[in-house]
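Visitor: have a look; sequence and predicted model below, questions after that.
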Amino acid sequence: MRPRLSTLLLLLLIALGVAVDKGVWQLPRQWNPFAPLVVTDPVTPLTQLKLTWLDDDREACLAALASAPSIAFTPLDDHTPAAGCPLENVVRVSRTQVAFNASFVASCPLALAWTLYETHGLQPLAEQTFGQRVARVRHYGSFACRNIYHRENARRSEHATAEALDIAGFTLQDGRTISVLDDWDDADARGTFLHDAQQRACDYFGTTLGPDYNAAHANHFHFGMRGYAFCR
């Protein structure tokens with residue numbers, strides 16, 4: 001009688017564990033759930049899980065963020081910039097591989113998710129589509145002490161905890177601009193790039209919203225940390 005698949009899988013896991021324990025084989029860092037997250041490592045199914053684990057681990061999150069290429073950020077003390085909107089585990093991001101129209105305050109996990117997206121999603125897509133990288137990103141901000149859609153009786157927005165960033169457009173190295181508002185419906189490379197850029201963001205952010213979601217997002221992408229792969 002053939003061994004059951006579950007038995008074979010168990011034996012395989014035991015063999016791998018012994019091999020790792022004896023130093024016969026070393027588990028690659030990106031596949032090791034106990035190894036720190038490094039932004040430049042290849043993305044695996046464990047990457048998003050590791051990112052989630054950093055929500056309540058300030059030091060580990062900052063260490064992972066420091067592994068991002070060309071990043072400039074400043075860790076901030078926990079504080080309450082507006083009544084009812086305390087901020088914890090936040091940083092101010094000045095630049096990454098791109099320049100921004102303004103620095104912004106973000107939760108460390110949000111900043112980390114952006115650098116992962118930029119490294120493994122956005123920049124490879126720009127090179128594939130235009131043969132060059134994104135040089136500058138225009139955003140509408142991250143922190144805003146408000147409820148969703150500014151509704152009085154609604155729940156707090158992700159922006160109230162600096163866990164969301166609104167992206168309005170991109171500038172390529174040759175100076176060409178790509179606007180969510182102006183180019184989303186275009187059938188040319190700009191429109192294709194925007195659709196693909198939003199789709200790739202879904203791999204790194206809990207909530208990714210764009211112009212097809214509703215009129216409130218006609219001019220920007222909303223990249224937020226709440227939820228799991230909610231992509232519209």
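Guide: Yep, that arrived. Numbers count the residues shown, from 1 in each chain.

Visitor: ranges for the strands of this structure?
Guide: Counting by DSSP state E, the chain has these strands, from start to end: 72-76, 79-82, 85-87, 90-95, 99-107, 134-141, 164-172, 177-179, 207-209, 221-224, 230-231.

Visitor: pick the most deeply packed of those strands.
Guide: Of the strands of the chain, the one with the most neighbours on average (mean count of other Cβ atoms under 10 Å) is strand 221-224, at a mean of 24. To be clear about C-beta, it is placed using only N, CA and C from the backbone, and glycine gets the same treatment.

Visitor: domain parsing for the protein?
Guide: By the assignment in automatic domain parsing, the chain contains the domains 1-34, 36-231.

Visitor: could I get those domains as CSV with mean pLDDT?
Guide: Putting these into CSV (pLDDT from 0 to 100) gives the following:
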stretch, mean pLDDT
domain 1-34, 64
domain 36-231, 94
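
Visitor: for those, state which one has the densest average packing.
Guide: Most buried of the domains of the chain, by mean neighbour count (mean count of other Cβ under 10 Å): domain 36-231, with a mean of 17.

Visitor: gap between stretch 51-65 and the chain center?
Guide: Counting by Cα atoms, centre = their mean, to the nearest Å, stretch 51-65 is centred 13 Å from the centre of its parent chain.

Visitor: kindly export that stretch (C-alpha atoms) in CSV.
Guide: Coordinates of each C-alpha in stretch 51-65 appear next as CSV, following Å, rounded to 0.1, in the frame of the first residue of the first chain:
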residue,chain,number,x,y,z
LEU,A,51,5.8,42.1,7.5
THR,A,52,2.7,41.4,9.6
TRP,A,53,4.8,40.1,12.5
LEU,A,54,6.6,43.5,12.7
ASP,A,55,3.5,45.4,13.6
ASP,A,56,4.3,45.3,17.3
ASP,A,57,8.1,45.0,17.1
ARG,A,58,9.6,48.5,16.6
GLU,A,59,13.2,47.5,16.7
ALA,A,60,12.9,44.6,14.3
CYS,A,61,10.8,46.8,11.9
LEU,A,62,13.4,49.6,12.0
ALA,A,63,16.2,47.1,11.3
ALA,A,64,14.2,45.7,8.3
LEU,A,65,13.5,49.3,7.1
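
Visitor: residue nearest the middle of this protein, spatially speaking?
Guide: Central residue of the chain (Cα atoms, centre = their mean): residue 113, 2.4 Å from the mean position.

Visitor: how far away is that residue from residue 131?
Guide: Residue 113 sits at a distance of 26 Å from residue 131 (criterion: Cβ to Cβ, to the nearest Å).

Visitor: against residue 40, how distant is the residue nearest to residue 96 when sequence neighbours are not counted?
Guide: Spatial nearest neighbour of residue 96, chain neighbours left out: residue 71 (4.9 Å); criterion: Cβ to Cβ, 6 or more residues apart in numbering. Using Cβ to Cβ, residue 71 is found at 11 Å from residue 40.
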